[in-house]
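Colleague: Prediction below, plus the sequence it came from.
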Amino acid sequence: MGKVILTGDRPTGRLHIGHYVGSLRRRVELQNSGEYEKIFIMIADAQALTDNAGNPEKVRQNIIEVALDYLSCGLDPAKSTMFIQSQVSELTELAFYYMNLVTVQRLQRNPTVKAEIIMRGFAENSEDEAASNKKGIPVGFFTYPISQASDITAFRATTVPVGEDQEPMIEQTREIVRKFNSTYGETLVEPEILLPSNAACLRLPGTDGKAKMSKSLGNCIYLSDSAEEVWAKVKGMFTDPGHLQVSDPGKVEGNTVFTYLDAFCRDEHFGKFRDCFVGKKASFTFNSLDEVKAQYRAGGLGDMMIKNFLNAVLNDTLEPIRQRRKELEKNLPYVYDVLRKGSQVAQAEAAKTLAAVKHAMKIDYFEKGVLEELLKEQTEKFK
């Protein structure tokens, strides 16, 4: 069997540059590498409803936003199957069967689940979320690692490109696969995680310096943001609080502007945007990011200069994406047709896995040949 990719996003808003460097950019590279037999990209609307059950319209309206971002970034329907999770009912049935293979205690130990419970507001604080639960955790949300396992295994994915925060989720999937195969026989494929190769892309911080870029925290730069919106957000970015004067030595580590430059900057940007380092009081000529960092650490390089440079780098990346998105927004029926056809392909693929799972679990009573064998066996038994 060839290599297969499964990955996706929750449709709770437009995608941001954290999604781009963490997974989207890599997906396009993998799609175009020719190394993968099949690539499935899922818009996880059913998973989004686990903590948005009271606001289904939010999820519904953001399907198109995510799809537009996918296509704008270069995902190609001819090479990647893009589909909507809720339109593949086989995924729900698989998750139901997998629930018998996982304990409540194991889900409670999942660090990603713990962090998400706090982030989604289901727990009052981070000290003791289990004891101070103020809302109650929806069962669907609590069990979403199992749902995620069904998504991955349904397409026999060998590779799952995600950020490092999803490592515990992939390990939980691997545990479910091993448990299923040891109980019912070799049926499911055990996936491998594929992390971003650039350390800065593992988890891009928010513009405010907080550990995670999040829609709910309002610290995102969206892929569809205008050049003006990007500049406004870059200007307000967290840098080094101790870098009060331009002449002061600055810290690069933990400086959000430099983290973003690590993720986006390429050597050719220094020739392209040389003017960013020309000022009234000081001018510099840099040929690499290491040279910029060295000057910042030594002092004399102002925050606004490096923010100007970051702004130019970001817009250099985002402008082609914005232009493709504007064209796609004029042809929404095409976008929905991509999702409809992709969902049909995904359903056919998931149906094969579900049939294999039910056969292994001996619950495919009426499949061809199965009933005949069962009747023969039981007729003899009751003779």
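Modeller: It's in.

Colleague: per-residue pLDDT, Ala350?
Modeller: You'll see Ala350 listed with a pLDDT of 98.

Colleague: Does it touch Leu91 like I think?
Modeller: Yes: A contact is recorded between Ala350 and Leu91 when judged using Cβ atoms under 8 Å, the distance being 6.1 Å. For the C-beta atoms, the positions are set from N, CA and C on the backbone; glycine is no exception.

Colleague: Tell me which of these two has more neighbours.
Modeller: Comparing Ala350 with Leu91 by neighbour count (other Cβ atoms under 10 Å), the higher total belongs to Leu91, at 28 against 24.

Colleague: okay, and the common contacts of Ala350 and Leu91?
Modeller: Ala154 (Cβ atoms under 8 Å, 6 or more residues apart in numbering).

Colleague: In three-state terms, label Phe83 for me.
Modeller: Remark: Phe83 carries the secondary structure label strand [criterion: DSSP: H, G, I helix; E, B strand; the rest coil].

Colleague: gap between it and Tyr97?
Modeller: Computed as Cβ to Cβ, to the nearest Å, the Phe83 to Tyr97 distance reads 21 Å.

Colleague: And these two? Which one has more around it.
Modeller: The neighbour comparison of Phe83 against Tyr97 (other Cβ under 10 Å) goes to Phe83, with 26 against 18.

Colleague: Now do the domain split for this structure, please.
Modeller: Structural domains of the chain, as assigned by automatic domain parsing, span the residue ranges 4-204+332-374, 227-328.

Colleague: Dump those domains to CSV, plus distance to Leu217.
Modeller: As requested, those are arranged in CSV below (distance: least, Cβ to Cβ, whole Å):
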stretch, distance to Leu217
domain 4-204+332-374, 9
domain 227-328, 13
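
Colleague: wait, which of the ones you listed is closest to Glu380?
Modeller: Taking Cβ to Cβ, domain 4-204+332-374 is the member of the domains of the chain nearest to Glu380, at 11.0 Å.

Colleague: Please state the offset of that closest one from the chain centre?
Modeller: 10 Å (Cα atoms, centre = their mean, to the nearest Å).

Colleague: With stretch 252-260 instead?
Modeller: Its chain's C-alpha centre lies 22 Å from the corresponding centre of stretch 252-260 when counted by Cα atoms, centre = their mean.

Colleague: So what would you say the end-to-end distance of that stretch is?
Modeller: Start-to-end span of stretch 252-260 (Cα to Cα, to the nearest Å) is 11 Å.

Colleague: Spit out the contact partners of Asp151.
Modeller: Shown here is Asp151, whose contacts under the criterion Cβ under 8 Å, 6+ apart are 6, 8, 42, 44, 85, 91.

Colleague: what's the fourth one in contact with, if anything?
Modeller: Pointing back at Ala44 there. Neighbour list for Ala44: 8-11, 85, 151 [criterion: Cβ under 8 Å, 6+ apart].

Colleague: quick check, nearest of those to Thr239?
Modeller: Of all the contacts of Ala44, the one sitting nearest Thr239 is Asp9; the distance, using Cβ to Cβ, is 29.3 Å.

Colleague: Tell me what that closest one is bridged to.
Modeller: Each beta-bridge partner of Asp9 is listed here, defined by DSSP bridges: Ile43.

Colleague: hang on, the earlier thing: from the contacts of Asp151, which has minimum pLDDT?
Modeller: For the contacts of Asp151, the least confident position by pLDDT is Gly8, scoring 94.

Colleague: For that residue, which non-adjacent residue is spatially closest?
Modeller: Closest residue in space to Gly8, ignoring its immediate chain neighbours: Met42 at 3.2 Å, by Cβ to Cβ, 6 or more residues apart in numbering.

Colleague: Out of the helices and strands in this protein, which is least certain?
Modeller: For the chain, using mean pLDDT, DSSP states H and E, the weakest element among its helices and strands is helix 111-119, scoring a mean of 83.

Colleague: list the helices and strands that one packs on?
Modeller: Packed against helix 111-119 by the contact rule (3 or more Cβ pairs under 8 Å, 6 or more residues apart in numbering; DSSP states H and E) you find helix 139-142, helix 144-154, helix 167-184.

Colleague: rerun at 6 Å
Modeller: helix 167-184 (3 or more Cβ pairs under 6 Å, 6 or more residues apart in numbering; DSSP states H and E).

Colleague: Quick check: mean pLDDT of the helix it packs on?
Modeller: The predicted model gives helix 167-184 an average pLDDT of 96.

Colleague: what's the following helix or strand past it packed up against?
Modeller: Sequence-wise, the next helix or strand beyond helix 167-184 is strand 192-194, with elements assigned using DSSP states H and E. Identification of packing neighbours for strand 192-194 by 3+ Cβ pairs under 6 Å, 6+ apart yields strand 159-161.

Colleague: which other helices and strands contact the strand it packs on?
Modeller: strand 4-9, strand 192-194.
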